[in-house]
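**Q** structure for this input, please:
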Amino acid sequence: MEKTTPITCKIKIKQAIINSIKDNAKARKIAAKKLASLKKMRLNKYATTFLGISQSYMSKLSRHSQEDSPKRKTRKDKTSAETTGTIVNFFRQGDISTNLPDSKRIKSNLEERRVLNKTLKETYREYRESNLDVVGFSTFARLKPCNVETTCKRKWNACLCEMCTNVDLKIYALSQLAAKFKSNVKIDSKYEAVEKTLCERGNEKWHKKNCIQRECVACGTDGVVSFFTPLMRETSNQKIKYIKWERMTKEKNGKQVTQIMPKTYEKSATEVVLDLAKELDKLAAHLFVAAWQQNQFSQLLKSVPSHWVILNMDFSENYSCVNQNEVQSAHWGHNNITIHPAVSYYRCPNENCNDTIQESLIFVSDDLVHDAHAVATFVAKANEHLQNKRGLIIEKQIQFTDGCSAQYKSKTPFTDISYSKEDYGFVVERHFYGSRHGKGPSDGAGAVVKSGARRAVMGMNVVINNAEDLYNFGKEKLESTEEKTDHLHHKRTFFLIENIDRNRPDRSKTKTVPGTRKLQCIKSTEEKYSLLTRNLSCFCQVCVDNTADEIQCENSELVDQWTSQELHHTAVGNDVRQTRGRGRNAGTRGARARRGDRGLRNRGGGRTREEDRDLRIGEGGRGVRTRGEERGARTRGEDRDLRIGEGGRGVRTRGEERGAGTRGEGRDVRIGEGRGIRTRGGRGVRTRGVERGVRTRGGKSRGVRTRSETRYSSESEESFVEGELIC
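**A** Model prediction:
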């Protein structure tokens with residue numbers, strides 16, 4: 001007979017309990033309820049060790065317990081779903097967190113990553129100022145979305161604002177100095193530094209305009225100098241090192257090249273503080289514009305007006321076509337693909353739904369030139385998709401972009417905006433983020449696409465060598481539309497752009513609008529080559545309803561009224577060239593000339609219509625250009641007057657009753673008063689002065705060119721004399 005000991009008794013009890021749990025469903029439920037409390041207290045490990053069962057089986061019993069047990073009563077102070085949604089949306093606002101364009105930060109769920117612009121406590125402070133539903137800091141931090149990271153998670157900072165970074169580096173150096181001397185005189189961020197140079201705003205969200213523009217006599221950069229005075233006295237002779245980003249010129253391949261690079265300086269605390277004060281002078285307006293534009297964009301997204309479309313767009317960094325198991329020689333020859341995301345927002349066309357749809361329009365192309373012509377092609381394709389495929393009736397389009405002059409903010413893109421009524425049939429407004437603060441949803445959309453493609457390539461599921469391969473992969477794996485999911489509010493659509501038209505002289509032959517860099521929004525009108533400009537964006541109810549002429553804008557203290565601007569352009573094709581000077585007595589701007597003519601331009605004299613234009617013959621002529629009174633004609637084309645011989649380019653005269661000069665083979669001869677002959681290769685005769693000799697080169701006689709008050713044009717090639725004086 002087996003001897004019973006405490007150990008064997010314990011083993012038998014454990015085995016009996018385990019068997020009863022496994023065999024008896026009722027006992028299993030009872031044990032599950034008990035074990036659920038152990039898991040909550042994190043004692044399940046001890047329980048599994050005692051009972052001799054696995055932790056996975058323990059977790060399974062706990063889940064059954066939670067499903068079978070009655071629901072707990074809701075706490076009276078539970079955070080409501082509405083408040084939770086408000087906090088989540090607050091974290092995702094453009095002025096609270098920034099999209100990370102780095103594709104390496106995207107996780108397997110392909111959700112865009114964001115990072116807070118300020119610390120979590122500062123973000124909570126802003127939330128309390130702008131919301132009535134106040135929750136505790138712990139609840140606020142707990143409800144932060146998992147894709148929004150705190151500032152401490154910035155593993156690699158790139159594409160930062162030069163002005164802001166230099167200020168941050170100086171503040172960091174001064175903080176290190178204060179910590180070394182155990183001083184409390186320190187500033188945590190550039191925002192706090194700017195606050196010390198402005199008047200107190202009280203309960204207002206924004207500072208006054210004259211304070212921001214440094215026109216107020218009560219505030220200024222002396223405030224930050226006064227704040228650091230105790231530290232400067234204590235460390236007067238102490239040298240501190242700091243880094244500053246600046247442009248430096250160096251020689252490369254025999255040429256002078258300018259490049260922005262970090263440079264280390266070593267100065268006293270007083271010098272650093274004075275340099276900081278100097279940089280803070282412009283930083284106030286810089287940060288205000290950046291914050292204001294982001295705030296207006298976030299405000300507009302909260303309630304998109306009916307028949308409006310909002311586009312946030314920017315070029316992503318080119319996708320590099322790398323491959324898994326790549327051979328060595330292929331490392332230095334990767335192809336690149338242009339990716340231009342445009343995130344669109346519009347009202348759901350479903351009659352029973354008033355939500356806003358977010359659709360990411362991803363344009364891919366092998367064309368690697370990122371210019372305004374490419375942007376115009378992408379926008380035209382986006383509008384065609386939204387109107388034809390989505391069935392939207394668009395009355396106004398709001399575009400948010402950065403201030404890149406080559407792509408969005410210069411004369412050519414401004415001209416494209418002025419043509420929007422003619423091209424698309426609706427008004428287009430383009431709003432610009434603050435300088436070097438243009439990160440938006442489009443950056444996150446581009447990062448998601450590149451991350452998804454890179455993961456598929458690394459897993460050897462796809463080979464991407466060009467834009468068509470990326471397009472096919474995106475259509476199959478990343479695209480989400482109604483064709484796959486019914487009534488979807490978050491979509492992603494891919495477009496392959498093969499050809500980009502850059503032969504658009506009517507869009508590029510314009511002059512730059514004065515003060516372009518200071519403008520933050522432009523708006524098209526009914527007429528092309530005409531724009532409305534504004535210093536800041538505003539989407540208050542008055543501006544959205546377009547009733548600013550009747551009711552004053554809600555932000556009129558900061559935002560100016562729309563100002564009309566004309567785009568001065570050079571006519572191309574059928575358009576008449578614009579003139580300047582006195583006596584524009586016949587003809588108006590935009591008058592049309594004959595087919596094939598470029599038009600008439602004069603300075604100082606009258607401007608005539610085509611029926612009154614002399615000195616021009618044939619439909620092929622490009623037009624007449626005159627300077628002065630009764631001057632000759634300059635023509636280009638076929639069958640032009642005052643031109644002798646085939647290949648002549650035309651006639652150009654300057655002065656009163658001057659003769660004609662031509663270029664080309666067999667050109668005419670110009671004769672002066674007793675002047676000599678200068679010939680070059682049979683191109684015609686040119687004379688200067690009285691009784692000058694003949695100048696030839698290489699034995700080849702050249703044509704004659706004269707300059708005097710009364711000159712004449714030759715009527716035949718008979719007056720051409722090789723190497724002889726013409727009297």
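**Q** pull the residues that contact stretch 113-121.
**A** Residues from elsewhere that reach stretch 113-121 (Cβ atoms under 8 Å, 6 or more residues apart in numbering): 91-92, 95-100, 102, 105-107, 123, 126, 137, 141, 144, 147-151, 153-154, 189, 191, 444, 447. No exception for glycine: its C-beta is placed from N, CA and C like everyone else's.
**Q** can I get the buried part of those as one ChimeraX selection?
**A** Those of these that meet the burial criterion (16 or more other Cβ atoms under 10 Å) are gathered into one ChimeraX selection, given here:
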select :91,92,95,96,97,98,99,100,102,105,106,123,126,144,147,148,149,189,444,447
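**Q** SS state for the closest residue to residue 376 other than its chain neighbours?
**A** Nearest in space to residue 376, with sequence neighbours left out and distances taken as Cβ to Cβ, 6 or more residues apart in numbering, is residue 416 at 5.0 Å. Reducing the assignment to helix, strand or coil with DSSP: H, G, I helix; E, B strand; the rest coil, the entry for residue 416 is helix.
**Q** and residue 416, what is it in contact with?
**A** For residue 416, the residues meeting the contact criterion (Cβ under 8 Å, 6+ apart) are 372, 375, 376, 379, 423, 507.
**Q** the residues you listed: which two are farthest apart?
**A** Using Cβ to Cβ, the contacts of residue 416 reach their maximum pairwise distance at 372 and 423, which is 13.9 Å.
**Q** more neighbours, those two?
**A** residue 372 (24 against 17; other Cβ atoms under 10 Å).
**Q** give me the pLDDT for residue 657.
**A** In this prediction, residue 657 carries a pLDDT score of 40.
**Q** any idea how far residue 323 is from residue 478?
**A** 19 Å (Cβ to Cβ, to the nearest Å).
**Q** the more surrounded of these two?
**A** Neighbours of residue 323 and residue 478, each counted by other Cβ under 10 Å, are more numerous for residue 478; the result is 19 against 15.
**Q** quick check: pLDDT value at the more buried one.
**A** In the predicted model, residue 478 carries a pLDDT score of 92.
**Q** do residue 474 as well
**A** In this model, residue 474 is scored at 95, pLDDT.
**Q** checking the spatially closest residue to it that is not a sequence neighbour next. Helix, strand or coil?
**A** Taking Cβ to Cβ, 6+ apart as the measure, residue 474 lies nearest to residue 494, with 4.1 Å between them; neighbours along the chain are not counted. With three-state DSSP as the basis, residue 494 sits in strand.
**Q** dump the residue contacts of residue 494.
**A** Residue 494 makes contact with 362, 364, 471, 474, 475, 478, 479 under the criterion Cβ under 8 Å, 6+ apart.
**Q** who wins for neighbours among those residues?
**A** For the contacts of residue 494, the largest number of neighbours (other Cβ under 10 Å) sits with residue 362, at 26 neighbours.
**Q** and that one, that one's in a helix?
**A** No - counting by three-state DSSP, residue 362 is not part of a helix but strand.
**Q** roughly how far does the spatially closest residue to it that is not a sequence neighbour sit from residue 188?
**A** Distances taken as Cβ to Cβ, 6+ apart place residue 494 nearest to residue 362, at 4.9 Å, with adjacent residues excluded. Taking Cβ to Cβ as the criterion, residue 494 is separated from residue 188 by 44 Å.
**Q** now the closest residue in space to residue 504 that isn't next to it in sequence: how far from residue 571?
**A** Leaving aside its chain neighbours, residue 504 sits nearest to residue 373 (6.5 Å; criterion: Cβ to Cβ, 6+ apart). When Cβ to Cβ is the yardstick, residue 373 and residue 571 sit 20 Å from each other.
**Q** give me the pLDDT value at the residue nearest to residue 504.
**A** Per-residue confidence for residue 373 comes out at a pLDDT of 96.
**Q** surely it meets residue 505?
**A** No - the pair residue 373 and residue 505 does not pass the contact test of Cβ atoms under 8 Å, sitting 11.5 Å apart.
**Q** okay, these two: which has more neighbours?
**A** Remark: of residue 373 and residue 505, residue 373 carries more neighbours, 21 against 11, as counted by other Cβ under 10 Å.
**Q** now do the buried residues in the one helix or strand the more buried one maps to.
**A** With secondary structure defined by DSSP states H and E, residue 373 is part of helix 372-384. Residues 372, 373, 374, 375, 376, 377, 378, 379, 381, 382, 383 are the ones in helix 372-384 that count as buried (16+ other Cβ under 10 Å).
**Q** is it true that the first one touches residue 417?
**A** So the one you mean is residue 372. No - proximity of residue 372 to residue 417 does not meet the contact threshold set by Cβ under 8 Å, at 10.4 Å.
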